[in-house]
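> Here's my sequence, what's the structure:
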Amino acid sequence: MKFLIIDDDIDYCEALREYFAGMYPNVAVRQCISVEDALAAIGEMQPDVLFLDGDLTFRGAEGLEVARQISPHIKVYTTTGNGMVQAIFKSQFGIDHVSKSDLVGFGRIIESAGLTEE
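The predicted structure follows:
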């Protein structure tokens, strides 16, 4: 299983990557801090799950639309703390939210889909 974390907070990305590596060694994790890097990573690694900081400037919704066109099988979750942004992503794209500090929520996402299997 492959995860992509897109967030401009480098420390957060690293902490989440380390959490996944420690708890779920069968999950490959890559992190990106820009739209350009993220779109390149999507094409290269074909992630199964994408955690997206919805507060990033993703050229409006264009970044998400491009990501979905490249790999429509990707399950996307926003990780923003901004309730309005969460509502927009949910209503316009059907994208669920997981709180950045909710490690139980991240674990539930992995385990509910059986993502601990290689």
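
> Mind giving me the packing neighbours of the longest helix seen in the chain?
In the chain, with assignment by DSSP state H, the single longest helix is helix 10-23. The elements that helix 10-23 packs onto, with contact taken as 3 or more C-beta pairs under 8 Å, 6 or more residues apart in numbering; DSSP states H and E, are strand 2-6, strand 28-32, helix 103-112. Glycine gets a C-beta too; all of them are placed from N, C-alpha and C.

> what does the last one rub up against?
Under the criterion C-beta atoms under 8 Å, 6 or more residues apart in numbering, residues 1, 16, 19-20, 23-24, 27, 49, 51, 77, 98-99, 115-116 lie in contact with helix 103-112.

> The closest residue to D96 other than its chain neighbours bridge partners, please.
Using C-beta to C-beta, 6 or more residues apart in numbering and skipping residues adjacent in sequence, the residue nearest D96 is Y77, 5.4 Å away. As for beta bridges, Y77 partners with F51, D96 under DSSP bridges.

> lowest-confidence helix or strand of the protein?
Using mean pLDDT, DSSP states H and E, helix 62-70 stands out as the lowest-scoring helix or strand of the chain, at a mean of 57.

> I'd say L4 and F51 touch.
Yes. Using C-beta atoms under 8 Å, L4 and F51 qualify as a contacting pair, with a distance of 7.2 Å.

> list residues touching both of these two?
With the criterion set as C-beta under 8 Å, 6+ apart, the contacts of L4 and F51 do not overlap.

> quick one on the thing from earlier: and of the contacts of helix 103-112, the nearest to E36?
Nearest to E36 out of the contacts of helix 103-112 is F51 (C-beta to C-beta; 17.7 Å).
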